[in-house]
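> Below are the sequence and a predicted model; questions follow.
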Amino acid sequence: MEYSPKKLSDILEKYGFNFKKNFGQNFIIDENIIDSIIHKAMISPNTLILEIGPGAGALTYKLSEVAKNVLCFEIDTTLKPILDKFLNDKKNVEVVYEDFLTVNVKEKISSYSYDNLYVVANLPYYITTPIIMKLIEEQIPVDKIVIMVQKEVGDRFKARPGTKDYSSLSVFLNYYFDVKKLMDISKNVFLPKPNVDSIIIEMTKKEVQKQVIDKNYFFKLIRDSFKQKRKTLKNNLKEYPLDIIEQVLIKYGYDLSVRAEQLSLEIFVDMANTIIEKEV
Ligand code: SAM
C-alpha cells in the first residue's frame with residue numbers, strides 16, 4: 001500500500017494512536033519534505049540507513065525504496081501495529097523497538113552488509129545531542145548523517161569559533177564531519193505542530209581527519225576547556241600543564257586568558273598533541 005502522509009491523521013485515529021509529547025513526537029505530514037530529504041541525502045543502492053524514531057513510517061517507507069536496508073529504532077511500541085501495516089511489503093526494513101540511547105547499535109548493524117552507512121531521521125528533539133554524542137562516542141562508522149533538528153540545535157552543530165553557539169559539541173563534530181545546513185523547515189509540515197522551527201542538517205564524514213595522538217585525551221581536553229563557558233582556559237584547565245598550553249596558545253596569538261569558545265579545532269589538536277608529546 002502506498003503510504004500517504006496526508007492521510008496520517010486518519011490512520012493514527014483509526015489505530016487509536018495518541019501522540020506522546022515526552023517522546024518528541026512530531027510527525028511529518030508533507031510528502032514534498034520527505035522527497036526533499038531523500039533527494040538531498042543522495043543515497044546509493046548499497047546503503048544501510050539507520051533511522052532513529054520512524055514514527056508512523058512516512059520517511060521509512062520512502063527510504064526503503066532507495067536504500068539496501070533500513071534499520072529503525074523506535075521507543076514507542078504503540079506504533080508497532082501502524083508500522084507493521086504500512087511497512088508490510090517492505091522486506092528490507094527492520095524496526096527495533098528499543099530506546100536508541102541504550103541499544104547496542106554496533107551489534108545490530110553487524111548482521112548487515114553494505115557499502116555506506118547513513119543516518120537519516122527526523123530526530124526526537126529532546127535527545128538530539130545525546131543521539132549525536134552516542135554515534136560519536138561509540139564510534140559508529142557512519143559516512144553521512146542527514147537529520148531534521150530544532151533550528152537552534154542545528155546552529156550549535158555548525159557554529160564557528162567566536163560565535164555564541166560554539167561549544168564542545170561543535171568542535172567534536174568539526175573533527176569528524178563537514179557540517180552544513182540543507183534547508184529550513186516550516187512548523188506547518190508536522191503533526192502536531194511544534195513550537196520551534198526546524199532545519200535539515202547534513203554531516204559528511206571528513207575524508208582526512210586531523211591527526212590526534214590520543215583521542216580520549218583530546219576529547220577530555222575539549223570537554224574540560226568548555227566546562228564553564230564564561231571562564232578562561234587558565235581557570236578551566238587547572239589540572240593540565242598550563243605552561244605547555246600557553247606555549248601553544250602564543251603561536252596562535254592567544255594567552256591563557258582566552259576562552260575555549262575562541263579556539264578552533266586546529267588549536268585544540270595542537271594543544272592535545274603537544275601535551276602528550278612533552279609529558280610522555
Ligand atoms: N520519523 C517520523 C516522522 O518524521 O514523521 C517521526 C519523527 S518524531 C520527531 C520522533 C520519533 O522518535 C517518534 O516516533 C518517537 O517515538 C521516537 N523516539 C523518541 N525517543 C526515542 C528514543 N529514545 N529511541 C528511539 N526512538 C525514539
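Arrived safely, thanks for sending.

> Near the ligand, which residues of the stretch 1-150 of the chain? Just list them.
For the stretch 1-150 of the chain, the contact set with the ligand under Cβ under 6 Å from any ligand atom comprises 23-28, 52-55, 58-59, 73-76, 99-101, 122, 124, 127. C-beta here means a position set from N, CA and C on the backbone, and glycine is covered the same way.

> mind giving me the domain ranges of this protein?
Taking automatic domain parsing as the domain assignment, the ranges for the chain are 5-205, 215-279.

> Now mean neighbour count and mean pLDDT too, for the ones you listed, in CSV please.
Conversion of the domains of the chain to CSV gives the following (neighbours: other Cβ atoms under 10 Å; pLDDT from 0 to 100):
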stretch, mean neighbour count, mean pLDDT
domain 5-205, 18, 95
domain 215-279, 16, 96
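
> if we can go back for a sec, from the residues of the stretch 1-150 of the chain next to the ligand, which land in strands?
Mapping those onto strands (DSSP state E) picks out 27-28, 52, 73, 122.

> Spatially, which two of the residues you listed are the most separated?
Pairwise distances across these peak at 17.4 Å for Ile28 and Phe73 (criterion: Cβ to Cβ).

> Can you give me every residue that contacts whatever residue of the stretch 51-200 of the chain ends up closest to the ligand?
When distances are taken as Cβ to the nearest ligand atom, the stretch 51-200 of the chain reaches nearest to the ligand at Gly53, 2.0 Å away. If you count contacts by Cβ atoms under 8 Å, 6 or more residues apart in numbering, Gly53 has them with 23-24, 72-75, 100, 121-124.

> Now with 10 Å, please.
Taking Cβ atoms under 10 Å, 6 or more residues apart in numbering as the definition of contact, the neighbours of Gly53 are 23-25, 27, 59-60, 72-76, 79, 100, 121-124, 127, 131.

> One more: Ile33?
In this structure, Ile33 makes contact with 5, 58-59, 122, 148, 183, 185-186, 189-190, 198, 200, judged by Cβ under 10 Å, 6+ apart.
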